[in-house]
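Q: the amino acid sequence is not available; the structure is as follows:
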């Protein structure tokens, strides 16, 4: 199999995630798009690990999965806090942090 | 022939067919995740994307990562997302506008990024093949984690602990 098959799929997932982060205004959907980006990175790591025939790619993919779990936990806590304070998770309305 | 059209080369034909099916499912579902106007449906399409990526890990011979992906992502993270949706919305279903008005700018950025990445990847890796050598067993991953990467492993455990405490502190009602 060509390595580019997996790399192109990863690139597509990454671009879709970037579009989602930029175009969505619901906090939970933005977090989902970030998951797409992390999955693209993981796919690349595992593909390159198979390409180089080392386990390093798989090990780092596992690390990324662990970090993603932590990120979603904290991210959803922040989204819940925003919802509690402004009764909406519309990220366009969260302007208090603007400088 | 263009290397990407040479998928039907006689080597690894079953794997290539499986990859084609998985890739089609991933592409369609990923687009649905970022465009669908129903938050719960987006989470369910995300499940298809994550399962497809897990299938790709199996194709690449990384079965431990694939199983971890299914357990952690589909089993835990998607459930967490559904909890988040339920806790932040009074009713399930179509709720107002989910996209902001930068949609076309975002699409332009994503297309530009896709073009750049595709060009670079095509120039760099043309038709290089993955040679599946000796099987990488899960025990090799374990040995690697606890010998070569033991410090990153400990750092990840600290990060997980910090995230656990941090999420509780942030979301606590007091």
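A: Perfect, I can see it now. What you are looking at is a predicted structure, and each value in this text was computed from that prediction instead of being measured.
Q: which residues are in contact with the residue nearest the centre of chain A?
A: Within chain A, one residue has its C-alpha closest to the average C-alpha position: by CA atoms, centre = their mean, that is residue A:34, at 2.4 Å. Under the criterion of CB atoms under 8 Å, 6 or more residues apart in numbering or on different chains, the contact partners of residue A:34 comprise A:17, A:21, A:71, A:75. (Glycine included, C-beta is placed from N, CA and C.)
Q: with residue A:32 as the reference, measure out to residue B:29.
A: To residue A:32, residue B:29 is 12 Å away according to CB to CB, to the nearest Å.
Q: and for those two, which residues touch both?
A: residue B:46.
Q: quick one: is stretch A:54-67 near chain B?
A: Yes. Part of stretch A:54-67 sits close enough to chain B to count as contact by CB under 8 Å from any CB of the partner chain, namely A:55-59, A:61-63, A:65-67.
Q: so residue A:54: helix, strand or coil?
A: Secondary structure of residue A:54, reduced to three states by DSSP: H, G, I helix; E, B strand; the rest coil: coil.
Q: give me the neighbour count for it.
A: Residue A:54 has 14 neighbours, counted by other CB atoms under 10 Å in any protein chain shown.
Q: over to residue B:72?
A: The number of residues near residue B:72, taken as other CB under 10 Å, comes to 18.
Q: check which residues of the worst-scoring helix or strand of chain B on mean pLDDT are buried.
A: With mean pLDDT, DSSP states H and E as the measure, the helix or strand of chain B carrying the lowest mean pLDDT is helix B:78-88 (a mean of 89). Using 16 or more other CB atoms under 10 Å in any protein chain shown as the burial criterion, the residues of helix B:78-88 that qualify are B:78, B:80-81, B:84-85, B:88.
Q: so which of these would count as near chain A as well?
A: B:80-81, B:84-85, B:88.
Q: of all these, which two lie farthest apart?
A: Checking these against each other with CB to CB, the farthest-apart pair comes out as B:80 and B:88, at 12.5 Å.
Q: can you pull out the low-pLDDT segments for chain B?
A: B:1-10, B:90-96 (pLDDT under 70).
Q: I meant chain A, not that one.
A: Within chain A, the ranges that satisfy pLDDT under 70 run A:99.
Q: residue B:29 and residue A:32: which is more packed in?
A: More neighbours surround residue A:32 than the other of residue B:29 and residue A:32, with 28 against 21 (other CB under 10 Å).
Q: contacts only, for the residue lying closest to that one once chain neighbours are set aside.
A: If the residues on either side of it in the chain are set aside, residue A:32 comes closest to residue B:46, at 5.4 Å by CB to CB, 6 or more residues apart in numbering or on different chains. In this structure, residue B:46 makes contact with A:32, A:35-36, B:29, B:33, B:78, B:81, judged by CB under 8 Å, 6+ apart.
Q: show the contacting residues for residue A:56.
A: Contacts of residue A:56 were listed using CB under 8 Å, 6+ apart, and they are A:49, B:144, B:148-149.
Q: please, a ChimeraX command that selects the buried ones among those residues?
A: To isolate the buried members of these in ChimeraX, using 16+ other CB under 10 Å:
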select /A:49 /B:144,149
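Q: now, the contacts of residue A:56 that are in strands?
A: Among the contacts of residue A:56, the subset assigned to strands under DSSP state E is empty.
Q: can you give me the helices for chain A?
A: If you assign secondary structure with DSSP state H, the helices in chain A sit at A:3-23, A:27-52, A:56-86.
Q: could you give the number of residues near residue B:106?
A: Other residues close to residue B:106 by other CB under 10 Å number 19.
Q: oops, could you answer that again for residue B:152 instead?
A: Here the count is done by other CB under 10 Å, and residue B:152 has 13 residues near it.
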